[in-house]
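# Got a sequence here, can you model it:
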Amino acid sequence: EVTARIEQILEDIKAKENIKPLILITDLNLTTKEANALEKEAVAIGAKIVLLDHHATGKNAAEKFGWYHLDTSKCATLIIYNWLKEHFTFDEKNEYQAIVDAINAIDIWVDESIYFPYGRVLLGMISGAREVNRVVFAREDREYKLYLIEAAKRILQEHSLEDAPIALDDALHSIKKEYFIALKNDTKDNLVADYVTTILTENRDIMSVEYQGKRGVLTFSTGNTSLIGNNFLLANEDFDFYMDVNSRGGFSLRSNNKIDVSKMAEKVGKGGGHPNASGGKIENFKSNFVYAKLRDFVQEYLKERE
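Below you'll find the predicted structure:
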């Protein structure tokens, strides 16, 4: 993932003109070899690099590169928070200080900290926020998690440190539902399915794949295939199938009587199932954390097996 993300950042910078790029990397330790390669690429495109990390395994690289800042006494969130306050007009009223302290306490396990109990709930909140896939919809996933952090900040401001962990834990389901509600209240699963269907529909042209003249949409590790897949196909009648591939190459297929996906699964991935719901596995699957490259790989794979 690290290499793929860095390559994507460099490609994005190369595609832009008249900018002074800054590559800011946090909570990630690079090997000396990786750091050398990154610095060479950055110099070539005129980009400045700042890496802020707390992993001791980055010690060798930190000693060699002036842009590599290592501090093992703090978590990455606290390091970047302090850096932003020092270099930019950021959080001048210290509204995020308590949240950052809670994250620091749980991340580096400062269990004597008064913020530690709240940090435990925060950790579960973010690690469990998988409703929006971060590979396919990175921006939407980021916005969702920032919304959760804002809600957690608000609860911490409204409750004592003793009561805040339980208050956040009790409210978390409602907080998530509030984010996904569009027109009316529903079960959380249905709300998430509607939300994902909406953003899939908005991006359907760049997410489409073809197989034997049939048009489908490709997602990656989205899950909840029956609900989301059927929702999408009902909302997009000109699409014939829905395909969700996981990181190991396993895939699920859904159709709405437009194509027999059991036959497709058998031919494409030695799988099978029902005419409208099937699955299989892509041989020699190459997982990629850049969606466009993942889509290109799957499209070529499907074409070869028509």
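# contacts and neighbour counts: CA atoms only from here.
Will do.
# And the strands in the stretch 51-200 of the chain?
68-70 (DSSP state E, counting those that start in this stretch).
# and after the host helix or strand of Tyr242, which helix or strand comes next?
Assigned by DSSP states H and E, Tyr242 belongs to strand 241-245. Downstream of strand 241-245, the first helix or strand assigned by DSSP H and E is strand 250-255.
# for that following strand, packing partners?
Judged by 3 or more CA pairs under 8 Å, 6 or more residues apart in numbering; DSSP states H and E, strand 250-255 is in contact with helix 225-235, strand 241-245, helix 261-269, strand 277-281.
# and for whichever helix or strand comes after the last one, what are the contacting residues?
Same thing as strand 277-281. Using DSSP H and E, the helix or strand that follows strand 277-281 in sequence is helix 291-304. Residues from elsewhere that reach helix 291-304 (CA atoms under 8 Å, 6 or more residues apart in numbering): 135-136, 207, 209-212, 218, 268, 286-288.
# Any idea how far the strand holding Tyr242 is from the middle of the chain?
Remark: strand 241-245 is offset 19 Å from the chain centroid, using CA atoms, centre = their mean, to the nearest Å.
# Would you mind listing the buried residues in that strand?
Burial within strand 241-245, assessed by neighbour count using 16 or more other CA atoms under 10 Å, is assigned to 241-245.
# for stretch 180-197, same thing?
So stretch 180-197, judged by 16+ other CA under 10 Å, has buried residues 180-181, 188, 190-197.
# again, but for stretch 204-216
Taking 16+ other CA under 10 Å as the criterion, stretch 204-216 shows 204, 207-211, 215-216 as buried.
# got the angle for the strand holding Tyr242 vs strand 277-281?
On the basis of axes from the mean of the first three to the mean of the last three CA atoms, to 10 degrees, strand 241-245 is oriented at 40 degrees to strand 277-281.
# other SSEs contacting strand 241-245?
Strand 241-245 sits against strand 214-220, helix 225-235, strand 250-255, with contacts defined as 3+ CA pairs under 8 Å, 6+ apart.
# still on that earlier bit, mind putting the buried residues of strand 241-245 into JSON lines with distance to Tyr115 and pLDDT?
Listed next are these as JSON lines, based on distance: CA to CA, whole Å; pLDDT from 0 to 100:
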{"residue": "Phe241", "distance to Tyr115": "48", "pLDDT": "98"}
{"residue": "Tyr242", "distance to Tyr115": "44", "pLDDT": "98"}
{"residue": "Met243", "distance to Tyr115": "43", "pLDDT": "98"}
{"residue": "Asp244", "distance to Tyr115": "40", "pLDDT": "97"}
{"residue": "Val245", "distance to Tyr115": "39", "pLDDT": "96"}
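# Just give me the closest of those to Asn104.
Val245 (34.8 Å; CA to CA).
# Please name the residues that touch that closest one.
Per CA under 8 Å, 6+ apart, neighbours of Val245: 218-221, 251-252.
# contacts for the longest helix along the chain?
Longest helix in the chain, counting residues (DSSP state H): helix 138-158. Here helix 138-158 makes contact (CA under 8 Å, 6+ apart) with 95-96, 98-99, 122, 125-126, 129, 132-134, 164, 167-168, 175-176, 179.
# Return a PyMOL selection command for the buried portion of these.
In PyMOL syntax, the buried subset of those is picked out as below (16+ other CA under 10 Å):
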select buried, resi 96+98+99+122+125+132+133+134+164+167+168+176
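# mind listing which of the contacts of helix 138-158 are in helices?
Residues from the contacts of helix 138-158 lying in helices, with DSSP H as the criterion: 98-99, 122, 125-126, 164, 167-168, 175-176, 179.
# okay, now Arg139: neighbour count?
12 (other CA atoms under 10 Å).
# And it, how close does it get to Ala4?
17 Å (CA to CA, to the nearest Å).
# how much space between the residue nearest to Ala76 when sequence neighbours are not counted and Glu11?
Distance criterion CA to CA, 6 or more residues apart in numbering; nearest residue to Ala76, sequence neighbours excluded, is Asp27 at 5.1 Å. In this view, Asp27 and Glu11 are 22 Å apart by CA to CA.
# Looking only at neighbour counts, state which of the two leads.
Asp27 (15 against 11).
# didn't that one look like it was pressed against Ile79?
No - if you go by CA atoms under 8 Å, Asp27 and Ile79 don't touch, sitting 9.1 Å apart.
# what sits against Leu218?
Contacts of Leu218 (CA under 8 Å, 6+ apart): 207-209, 242-245, 295.
# Once you drop chain neighbours, what's closest to it?
Nearest non-adjacent residue to Leu218 (CA to CA, 6+ apart): Met243, at 4.9 Å.
# Please name the bridge partners of that neighbour.
Leu218, Leu253 (DSSP bridges).
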